[in-house]
Structures are given as structure tokens and as C-alpha cells.
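In: Here is a sequence with its predicted model. Questions after.
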Amino acid sequence: MCAAPGRLGALHNRFRTITTRKFKEHGIDVIGYWTDKYGESNRLTYICRYADEPAREKAWAAFRADAEWAEAARKSTAPRTAARSLPM
């Protein structure tokens, strides 16, 4: 998952305060989290484990539908800017 430039701290905070709890609540078993050590990156990487693919689909559907998580994500995500076309 990539954060907007300058927003990696907000992403870490969201995972620390709500996302990890919501993952557990919805049956998403996170094996590990990490960020890049070298270079500049806004990426948070994580690996999840599930009993099977139907369990994975059910867990993510419930997670995406979770109103508490959606509100936290909305508050911690930088506003998106409109895409611009550059002249050729």
C-alpha cells in the first residue's frame, strides 16, 4: 500500500490505531509488515494469511464494508488531485 507523498506517518498511524484491529476482527491474519529501508518510499507492505480463497474473499468484503475503517481511512488519506494531461 502506498501513501501519498508526506503521508506515510498517517498511514502507519492508521494501521497502528485501527486497521490492524479491523483486520483481526474480519479474519485477516497479517503475517508481517515492513517498509523500505533504502531509498525514498511511501510504501507499507504486508502479507496476509487465510484458510482458503473463499475465506479471503469474505474477509476483504467485510473489511471494505466496515464503516469505522472507511471513516478512519477517509480522515487519514490526503485528498486526491485531478489527473493532468501533458501536451505532447
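Out: On my side now, so go ahead. Residues are numbered from 1 along each chain as shown.

In: contacting residues around stretch 33-53?
Out: The contact list for stretch 33-53 (C-beta atoms under 8 Å, 6 or more residues apart in numbering) reads 1-5, 7-8, 11-12, 15, 23, 27-32, 56, 59. Where you see a C-beta, it was placed from the backbone N, CA and C, and this is true even at glycine.

In: pLDDT value on T35, please?
Out: pLDDT for T35: 85.

In: okay, now it: neighbour count?
Out: Using other C-beta atoms under 10 Å, T35 has 13 other residues around it.

In: partner residues bridging it?
Out: Applying DSSP bridges to T35 gives these bridge partners: L44.

In: any idea how far it lies from H26?
Out: As judged by C-beta to C-beta, to the nearest Å, T35 and H26 stand 23 Å apart.

In: just P5 next, same as before
Out: According to C-beta to C-beta, P5 stands 29 Å off from H26.

In: what ranges do the strands span in the protein?
Out: Using DSSP state E, the strands of the chain run over 29-35, 44-49.

In: Turn those into a markdown table, including distance to T77.
Out: As requested, those are exported to a markdown table (distance: least, C-beta to C-beta, whole Å):
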| stretch | distance to T77 |
| --- | --- |
| strand 29-35 | 18 |
| strand 44-49 | 13 |
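
In: so which of those is the most packed in?
Out: strand 44-49 (a mean of 13; mean count of other C-beta atoms under 10 Å).

In: Figure out how far it is from the centre of its chain.
Out: 10 Å (C-alpha atoms, centre = their mean, to the nearest Å).

In: Show the average pLDDT along it.
Out: 92.

In: For the protein, give me the ranges with low pLDDT.
Out: 1, 4, 78-88 (pLDDT under 70).

In: Output the longest helix belonging to it.
Out: helix 53-64 (DSSP state H).

In: Can you list the buried residues in that helix?
Out: The neighbour-count check on helix 53-64 (16 or more other C-beta atoms under 10 Å) flags 59-60, 63 as buried.

In: CSV please, covering these and showing distance to D52.
Out: Shown next, in CSV, are the buried residues of helix 53-64 (distance: C-beta to C-beta, whole Å):
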residue, distance to D52
A59, 11
W60, 13
F63, 17
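
In: That's all I had, so thanks and see you.
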